[in-house]
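Novice: fold the following and give me the result.
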Amino acid sequence: MHTKIRQILLAPDRAKIIGQEHTIKGWVKTVRGQKNLTFVEVNDGSCFTNLQVVVQPETKGFDASAVNTGASVSVTGVVAQSPGNQPLELHANLIKVYGKANQESYPLQKKRHSFEFLRTVAHLRPRTNTFGAVTRVRNALAFATHLFFQKRGFLYIQPPIITSADCEGAGELFRVTTIDPEKPPRTPEGKVDYTKDFFGCPTYLTVSGQLNAEAYACALTDVYTFGPTFRAENSNTARHLAEFWMIEPEMAFAELADNMECAESFVKFVTTYVLDNCADDMAFFNQFIETGIIDRLKKVIETPFEHSTYTYAVRVLQKSGKTFEFPVEWGMDLQSEHERYLTEEFFQKPVILTDYPRKIKAFYMRDNMDGKTVAAMDVLVPKIGEIIGGSQREERYDELEAKIKEFGLDPKPYWWYLELRKYGSVPHSGFGAGFERLIRFVTGLDNIRDVIPFPRFPGSAAF
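Specialist: Down below sits the predicted model:
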């Protein structure tokens, strides 16, 4: 057994741990040699701070040529109060090297590396301060997500990743097939015969678990999903990934106002959890990634979100006097620049926009009485823009069937989704929160490729 560095540095009673012998295991970050002592910084990922190991000439197993940056080691020693900046240190009695690191080729020497470079060594970047901190914050946000919904009585469900229906109706899908692309089976009309495929029909990687979650909400009231989703969108931007994670609650007997309350409470809950449980990591982001991020997040937690209709927001943007890259007109989908102006300059806080034009939203959203808008809502936050999108779902059979056809979708894959509206249909609502966008919001990192372990984007599926 060994002790995590976190258990030593964050021990609740420091006086009790001083003088005790512990064994730690981790990776060497830096080595400083003096005349009679060597100081080795070791990190095991359990917390942001390294543990300083003091090596004396009599320390068994120490080999200066093997204990260097990147090497993996086991150190047994006695915990002591540090006279320097470190709160505690380990006076080593025994060192064992598990794996050496060739210093001529090891890419993570003690210097600052660009995020672009670190994406080329994604298998090693978790060892850096930034990506270790990102991973711990990501873990905390995931735990807080489950905690939030479990406390509210939601049931966690796992929807399928392979689907025959396009939830968003946008057609940006990755096809799943076992058909030989060189010799596909053909119909008499010369088209690919998907009845000969593994599932007997065209199938895809899911863009959302929402439709499946609605089925469970219409039996179990409140459910949520949390899993990977996929978009074959050829977008090389700091905001898009081909594979990402989504948090999608669905609530029966819930209208748009209930949806907005749940979304706002969720953002505030998980943000609070990270500030309370990742203090060292957040202090690092505050110093090196985005100055003032902690104060920004506290303001989000403490301030009620603004509520505005899409129509009012368009008028605000049109009267702003600003020149946007994409000129604003009613009926267009708002861009990130518009969303950031609303949150950062006009309202100066998070905003929930509602009642979007029906033509720019998905087929499943409930039509409003005006015939032009739907009961949709987007949560916009400073720096990121949209972080959550949701709506009240269309629970009326005839209206939903008509919209599926209006949007040019084949009704056949949606037969079961329509059938939910025939047997005990109820008003219900839900939203989708992009997990990586949430991490960007909390950490201050600019590029979404830096908040997921191994990013997938056009032209890149390495690692």
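Novice: from now on I want contacts and neighbour counts done on CA atoms only, so please keep to that.
Specialist: OK.
Novice: so for the worst-scoring helix or strand of the chain on mean pLDDT, what gets flagged as buried?
Specialist: For the chain, using mean pLDDT, DSSP states H and E, the weakest element among its helices and strands is helix 14-17, scoring a mean of 89. Going by neighbour count (16 or more other CA atoms under 10 Å), the buried part of helix 14-17 is Ile17.
Novice: give me the neighbour count for the closest residue to Ser235 other than its chain neighbours.
Specialist: Spatial nearest neighbour of Ser235, chain neighbours left out: Pro458 (7.1 Å); criterion: CA to CA, 6 or more residues apart in numbering. Residues contacting Pro458 under the criterion other CA atoms under 10 Å number 13.
Novice: now do the buried residues in stretch 16-24.
Specialist: Ile17, Ile18, Glu21, His22, Thr23, Ile24.
Novice: as a markdown table, the residues you listed with distance to Gly385 would be great.
Specialist: Output for the buried residues of stretch 16-24, formatted as a markdown table (distance: CA to CA, whole Å):
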| residue | distance to Gly385 |
| --- | --- |
| Ile17 | 46 |
| Ile18 | 48 |
| Glu21 | 50 |
| His22 | 47 |
| Thr23 | 46 |
| Ile24 | 43 |
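Novice: chain center to the least confident helix or strand of the chain: distance?
Specialist: Here the centre of helix 14-17 is set off from its chain's centre by 37 Å, with CA atoms, centre = their mean, to the nearest Å.
Novice: wait, isn't Thr343 in contact with Ile384?
Specialist: No - assessed by CA atoms under 8 Å, Thr343 is found out of contact with Ile384, at 9.4 Å.
Novice: contact partners of stretch 434-454?
Specialist: Contact with stretch 434-454 is made by 115, 119, 122, 131, 134-135, 137-138, 141, 238-241, 244-247, 271, 282, 285, 289-290, 293, 297, 381, 383-384, 387-388, 455-456, 462-463, as judged by CA atoms under 8 Å, 6 or more residues apart in numbering.
Novice: from Pro83, how far off is Gly77?
Specialist: 17 Å (CA to CA, to the nearest Å).
Novice: typo on my end, Phe457
Specialist: 48 Å.
Novice: neighbour count winner among Gly77 and Pro83?
Specialist: Gly77 (22 against 9).
Novice: surely the more buried one is in a strand?
Specialist: Yes - counting by DSSP: H, G, I helix; E, B strand; the rest coil, Gly77 is part of a strand.
Novice: in three-state terms, label the closest residue to it other than its chain neighbours for me.
Specialist: Nearest residue to Gly77, sequence neighbours excluded (CA to CA, 6+ apart): Ala92, at 4.1 Å. Here Ala92 is recorded as strand under three-state DSSP.
Novice: mind listing what Ala92 touches?
Specialist: Per CA under 8 Å, 6+ apart, neighbours of Ala92: Val53, Val54, Val55, Gln56, Thr59, Val75, Thr76, Gly77, Val78.
Novice: Lys383 now?
Specialist: Here Lys383 is in contact with Arg340, Glu344, Phe441 (CA under 8 Å, 6+ apart).
Novice: mind redoing it with 7 Å?
Specialist: Arg340 (CA atoms under 7 Å, 6 or more residues apart in numbering).
Novice: any idea how far it lies from Tyr341?
Specialist: Taking CA to CA, one finds Lys383 at 9 Å from Tyr341.
Novice: now do the helices in the chain.
Specialist: 5-9, 14-17, 115-119, 129-151, 210-220, 256-277, 279-288, 293-302, 310-318, 336-341, 397-406, 415-419, 435-443 (DSSP state H).
Novice: check which residues of the third one are buried.
Specialist: This points to helix 115-119. Neighbour-count burial for helix 115-119, counted by 16+ other CA under 10 Å, picks out Leu118, Arg119.
Novice: could you do stretch 442-452 as well?
Specialist: Going by 16+ other CA under 10 Å, stretch 442-452 has these buried residues: Val442, Thr443, Gly444, Leu445, Asp446, Asn447, Ile448, Arg449, Asp450, Val451, Ile452.
Novice: can the residues you listed go into TSV with extra columns for distance to Ser164 and pLDDT?
Specialist: Converted to TSV, the buried residues of stretch 442-452 look like this (distance: CA to CA, whole Å; pLDDT from 0 to 100):
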residue	distance to Ser164	pLDDT
Val442	35	98
Thr443	36	98
Gly444	37	97
Leu445	35	97
Asp446	34	95
Asn447	31	96
Ile448	28	96
Arg449	28	97
Asp450	31	98
Val451	30	98
Ile452	27	98
